[in-house]
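Enquirer: One predicted model, sequence on top.
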Amino acid sequence: MLNLHPVPAFTDNYIWCLHDNQSAYVVDPGQADPVLDYLNDRALTLRGILITHHHWDHVSGIEALLQVFPGIPVWGPAREDIPCCSQPLAEGDQVNLDWGLVFRVLEVPGHTLGHIAYYAETTPLGPLLFCGDTLFSSGCGRLFEGTPQQMHQSLQALSVLPVETLVCCTHEYTTANLAFAQAVEPQNAAIQERIAQVAALRDQNLPSLPSSIGLEQAVNPFLRVTQSTVLESLQQKCGERPATEVESFATLRHWKDNF
């Protein structure tokens, strides 16, 4: 049986662990100790590490994990400096894991210039997306390196994946993101329903993730920049309606940065 588990790290990071009852792979291990504890508690052997981008809270555990599991592959973006990366990846490359799983690499610049995501169309869990800090539940990553046009294009590429695709992002930002989403679309019933759902989960200290592409299409303002309700909010906020989708996205991102 294949399991997908978000291992908590730092204050709000998740290190995704994909495993059966013997072998495991982890995504973006910013810390080694939580991963090692999770593996040891279940007598799992780490078989590989997948990295989405170079930020310290996604890569700082790599070297310590390699000390315990030497020689395992480290996949990561070819365009970024990833510690101990043995398998540099670019758009269209494939990553073959155990269980016959094949992940396709998607280049999704914006948060960082070399950011990648991993997408598997067919798994026992359904379509699966590891998207790092590009797409969040009800939000998206800040533009530390890329342009609004790059990030908008990256999000558009993810938004057309199958609606049942599980969205495995790497931060528990959902509550704050939903507060912003509600400010943008106060009459959106799907957002209100999601707020109640996430509040119940977080009250039990349970993760709000994974999300799904279908859910994000309904509640994530950054995937809804062409909706009339979003455009009306942007017009009220700025005094004029943005002329293009990219301008709408940029205005929305600036609003969120200062929310």
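Expert: Good, I have the coordinates. Numbers count the residues shown, from 1 in each chain.
Enquirer: dump the residue contacts of the residue nearest to P221 when sequence neighbours are not counted.
Expert: Counting by Cβ to Cβ, 6 or more residues apart in numbering, P221 lies nearest to V184, which is 4.5 Å off, once chain neighbours are set aside. (C-beta placed from N, C-alpha, C; glycine too.) Counting by Cβ atoms under 8 Å, 6 or more residues apart in numbering, V184 makes contact with P221, T229, V230, S233, L252, W255.
Enquirer: Same check on P88?
Expert: Contacts of P88 by Cβ under 8 Å, 6+ apart are G76, P77, A78, I82.
Enquirer: what's the longest helix in this structure?
Expert: Secondary structure of the chain per DSSP state H: the longest helix is helix 189-203.
Enquirer: Quick one: distance of it to the chain centre.
Expert: Helix 189-203 sits 19 Å away from the centroid of its parent chain (Cα atoms, centre = their mean, to the nearest Å).
Enquirer: helices and strands around that helix, which ones?
Expert: With contacts taken as 3 or more Cβ pairs under 8 Å, 6 or more residues apart in numbering; DSSP states H and E, helix 189-203 sits against helix 174-184, helix 213-219.
Enquirer: CA-only coordinates of the last one in PDB, if you can.
Expert: Meaning helix 213-219. What follows is helix 213-219, C-alpha atoms only, in PDB (Å, rounded to 0.1, in the frame of the first residue of the first chain):
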ATOM      1  CA  ILE A 213      -6.400  21.200  -8.600                       C
ATOM      2  CA  GLY A 214     -10.200  21.200  -8.700                       C
ATOM      3  CA  LEU A 215     -10.500  22.700  -5.200                       C
ATOM      4  CA  GLU A 216      -7.800  25.300  -6.100                       C
ATOM      5  CA  GLN A 217      -9.700  26.300  -9.200                       C
ATOM      6  CA  ALA A 218     -12.700  27.100  -7.000                       C
ATOM      7  CA  VAL A 219     -11.000  28.900  -4.100                       C
END
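Enquirer: Show me how far stretch 42-53 is from its chain's centre.
Expert: Taking Cα atoms, centre = their mean, one finds the center of stretch 42-53 at 17 Å from the center of the full chain.
Enquirer: is it true that V246 touches S154?
Expert: No: assessed by Cβ atoms under 8 Å, V246 is found out of contact with S154, at 12.0 Å.
Enquirer: So for the two, which residue has more residues nearby?
Expert: The residue with more neighbours, out of V246 and S154 and counting by other Cβ atoms under 10 Å, is S154; that gives 24 against 17.
Enquirer: measure the more buried one to T175 for me?
Expert: Per Cβ to Cβ, to the nearest Å, S154 is found 24 Å from T175.
Enquirer: and if you look at S248?
Expert: S248 is 24 Å from T175, by Cβ to Cβ.
Enquirer: So the two - more neighbours on which side?
Expert: S248 (23 against 15).
Enquirer: just checking, the more buried one touches V225?
Expert: Yes: S248 is within contact range of V225, at 4.1 Å (criterion: Cβ under 8 Å).
Enquirer: For those two, list the residues in contact with both.
Expert: L231.
Enquirer: quick check, nearest of the contacts of V184 to S212?
Expert: P221 (16.7 Å; Cβ to Cβ).
Enquirer: who are the neighbours in contact with that closest one?
Expert: P221 sits next to S138, F180, A181, V184, E185, V230, L252 when contact means Cβ under 8 Å, 6+ apart.
Enquirer: quick one: least confident helix or strand in this structure?
Expert: Across the helices and strands of the chain, mean pLDDT, DSSP states H and E gives its lowest value to helix 228-238, namely a mean of 95.
Enquirer: which residues of this protein fall in helices?
Expert: Taking DSSP H to define them, one finds helices in the chain at 33-41, 56-59, 62-68, 148-159, 174-184, 189-203, 213-219, 228-238, 245-257.
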